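[1] Predicted model and sequence below, questions to follow.
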Amino acid sequence: MMGSRRRPLVTALLACAAAIIIVASCAAPDNATAAAPSFGDNFEITGAEDHVKTSPDGQTWYLYLDNKTGVGFQTKQRYLFGWFSMKLKLVGNDSAGVVTAYYVRVPSSSNQMCSDVDAAPQRDELDFEFLGNRTGQPYIIQTNVYHNGVGGREMRHSLWFDPTADFHTYSILWNTKHIVFFVDKVAIRVYPNNAAKPVNGFFPTAKPMYVFSSIWNADDWATRGGLEKTDWAKAPFVSSYRDFAADSCAWPSSSAPGAPPACAAANASADRWWDQPPAWALDDAQRKDAAWVARNLVIYDYCADRDRFPAPPEECALRPPAS
């Protein structure tokens, strides 16, 4: 899959003393690299509990999909802004029709970040979705942003490695300036906020979100637009998760709607490295990596789809220029 492609530049990022990944800059505090608790400390299972297995040390969860059901999990804690990271190893061999998701959201179902379940019709959501394929064909990674229940901001990328051979780190930086999707310290996508429209712009700023992950059957659309169906003779399909980390503004369960915690306020604390000036834009090395990704790995970009968007959505003009 690599062919003649060069490996992305990560020199500046490797200087960060991060146990998992630093998704904004090398200015992250030491406590951002603390060892993560067990999965059971952070998450609760959503769905069939017999479709989740746990490693003996409790640090790795395995999610199973068969022709009966898939399964997922979500954090016990809600968050508003921050840095979220997890290592995933995707379903190997023939995974056509299978979607593994990791997301932040105001909730519903997949691997995303998402806001509260009750708010699902008006949910905000930041998605990584990994679209399986026939044996020997590469995975496609799809990212998306939802705001107030509206999505349609899909981008699709290929990867420069085999995501089924080992664990790789997938991270989201979410602050008031932008959302950045990272893969192994490489920024593959920057989604900017329109500061001129802090309330009405297409950007999540107010709803606390959970972190989710799931594995599910989506053979009606996931592989070649639904042409390739899930081969249930290959089941169960197993995706693996470990090393979840969140350095973020935790939203207390006691907080009333409309009453965000103090850490959500602008410039609340220098400890919030993920919403300080160094994290508001990519550094030089990150921009070079992002430009390499844009030249070599983009499969689909909604900003370039004139059939869907004759006039590109306003955030498309706000993207940082390629180096």
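    Ah, there it is. Numbers count the residues shown, from 1 in each chain.
[2] just checking, residue 311 is part of a strand?
    No. Going by DSSP: H, G, I helix; E, B strand; the rest coil, the assignment for residue 311 is coil, not a strand.
[3] any idea how far it is from residue 201?
    The gap separating residue 311 from residue 201 is 16 Å, by Cβ to Cβ, to the nearest Å. Where C-beta positions appear, they are placed from N, C-alpha and C, glycine not excepted.
[4] So for these two, which residue has more residues nearby?
    residue 201 (17 against 7; other Cβ atoms under 10 Å).
[5] Would you confirm that that one contacts residue 194?
    Yes. With contact defined as Cβ atoms under 8 Å, residue 201 reaches residue 194; the gap is 3.9 Å.
[6] any residues in contact with both of the two?
    In terms of Cβ atoms under 8 Å, 6 or more residues apart in numbering, residue 201 and residue 194 are both contacted by the residues 314-315.
[7] Show me what secondary structure element comes after the lowest-mean-pLDDT helix or strand in the chain.
    Each helix and strand of the chain was given a mean pLDDT (mean pLDDT, DSSP states H and E); the minimum falls on helix 11-14 at a mean of 30. As assigned by DSSP states H and E, the chain's next helix or strand after helix 11-14 is helix 39-42.
[8] For that next one, name the packing helices and strands.
    strand 237-251 (3 or more Cβ pairs under 8 Å, 6 or more residues apart in numbering; DSSP states H and E).
[9] Pretty sure residue 309 sits against residue 303.
    Yes. Using Cβ under 8 Å, residue 309 is in contact with residue 303, at 7.4 Å.
[10] Strands of the stretch 1-150 of the chain, residue ranges please.
    Ranges of strands within the stretch 1-150 of the chain are 43-47, 52-54, 60-65, 71-75, 78-89, 98-106, 112-115, 125-131, 140-146, based on DSSP state E, counting those that start in this stretch.
[11] Quick one, grab the pLDDT at the closest residue in space to residue 142 that isn't next to it in sequence.
    Leaving aside its chain neighbours, residue 142 sits nearest to residue 129 (4.4 Å; criterion: Cβ to Cβ, 6 or more residues apart in numbering). Listed pLDDT for residue 129 reads 97.
[12] and what of the one 3 residues further on?
    Predicted confidence (pLDDT) at residue 132: the value is 96.
[13] Could you double-check that it lies in contact with residue 92?
    No. Assessed by Cβ under 8 Å, residue 132 is found out of contact with residue 92, at 9.7 Å.
[14] of those two, who's got more company?
    residue 132 (30 against 16).
[15] Without its sequence neighbours, what residue ends up closest to that one?
    The shortest distance from residue 132 to any non-neighbouring residue, by Cβ to Cβ, 6+ apart, is to residue 95 (3.0 Å).
[16] any low-confidence regions in the stretch 201-323 of the chain?
    Low-confidence segments of the stretch 201-323 of the chain, defined by pLDDT under 70: 254-259, 266-270, 322-323.
[17] hmm, try it at 80
    201, 252-271, 320-323 (pLDDT under 80).
[18] and the gap between the closest residue to residue 252 other than its chain neighbours and residue 193?
    Closest residue in space to residue 252, ignoring its immediate chain neighbours: residue 261 at 5.9 Å, by Cβ to Cβ, 6+ apart. Plainly put, residue 261 is 20 Å away from residue 193 if you go by Cβ to Cβ.
[19] Of those two, give the one with the bigger neighbour count.
    residue 193 (20 against 15).
[20] Just read off the phi/psi values of that one.
    Dihedral angles of residue 193 (phi, psi; degrees, to the nearest 10) stand at phi -90, psi 140.
[21] Per-residue pLDDT of the spatially closest residue to residue 151 that is not a sequence neighbour, please?
    Nearest non-adjacent residue to residue 151, counting by Cβ to Cβ, 6+ apart: residue 144, 5.5 Å away. Per-residue confidence (pLDDT) for residue 144: 96.
[22] For residue 127, see how far away residue 144 is.
    Residue 144 is 4 Å from residue 127, by Cβ to Cβ.
[23] which one of the two has more residues nearby?
    Legend: neighbour count by other Cβ under 10 Å for residue 144 and residue 127, higher for residue 127 (25 against 21).
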